[in-house]
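J.: my questions are about this predicted structure, shown below with the sequence.
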Amino acid sequence: MQKVKIGLIRVLSVKDKKLAGAHGRLIEKHFPDLQIISECIKGQPNGIYDEETEKMAIPKIVQMGVRLANKEKVKAIIVSCAADPGVSELRKLVQIPVIGAGSSVAALALSCSTKVGTLGITEQTPEIMQEIFGDHLLAEARPVGVKTSLDLMTDKGMENAFKSVKYLKEKGAEVIALACTGYSTIGIANDLEKEVGIPVLDAVIAAGLFAWHFTRGSI
């Protein structure tokens, strides 16, 4: 079966091919019609975790996205970061859908409930997600001791993530949007959902859903 080719840009510089392809495999698992080509930007071993690292990443993301569109002939591009860095800039340069993980999971969350909580790695929910949620964002949290997506890969980081989702539910959230794609790397969404009994939405899977929708029938 011929598959639709989708480009995926990782904002974490990873040399390990298995780790670099983790988000792509996650999407392919849920959407077998898609073939994901994963690329990592260079020079950012800790990914994006503040305004400065986001500014550094944007031109790299744009350059990589243009190459994926023009040379790899992908049908859509996913920027696998909840802050949607470079998405608006890239949309001006290519003629295919450019999908941000943050805006995707935010839109999906609002399809479930207007009482949303976010679990990220920064003090505040990424701006693009805040804009979409507006007054529907009831609470936001990040696990204690987590500053970059790499911290989520530790036992302590995962343990504190479970504590954080409980806090969000206590604050009245009826759906939780994971506001960092590092949670996708460790594949924790389902376990968090079982812990609190409300939907916990993975940003990479959400982006994959929109990529599938916008490219269906394009073969």
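T.: Arrived safely.
J.: hey, which helix is longest across this protein?
T.: helix 51-70 (DSSP state H).
J.: how's the protein carved up into domains?
T.: 4-101+205-215, 103-202 (automatic domain parsing).
J.: span of the first one from start to end?
T.: Right, domain 4-101+205-215. 7 Å (C-alpha to C-alpha, to the nearest Å).
J.: quick one on the thing from earlier: got the domains of the chain as a markdown table, with mean neighbour count and mean pLDDT columns?
T.: C-beta: built from backbone N, CA, C; applies to glycine. Below are the domains of the chain laid out as a markdown table (neighbours: other C-beta atoms under 10 Å; pLDDT from 0 to 100):
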| stretch | mean neighbour count | mean pLDDT |
| --- | --- | --- |
| domain 4-101+205-215 | 20 | 96 |
| domain 103-202 | 20 | 95 |
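J.: that's a helix at L192, yeah?
T.: Yes - counting by DSSP: H, G, I helix; E, B strand; the rest coil, one finds L192 located in a helix.
J.: measure the nearest residue to it once chain neighbours are set aside to E28 for me?
T.: Of all residues not flanking L192 in the chain, V200 sits nearest, at 4.4 Å (C-beta to C-beta, 6 or more residues apart in numbering). Note on V200: its distance to E28, by C-beta to C-beta, to the nearest Å, is 21 Å.
J.: could I get the full set of helices for this protein?
T.: 17-20, 22-30, 51-70, 87-91, 101-110, 127-133, 155-170, 182-186, 189-196, 203-215.
J.: from what I can see T118 touches H136, true?
T.: No - checked against C-beta atoms under 8 Å, the pair T118 and H136 is beyond contact range at 10.8 Å.
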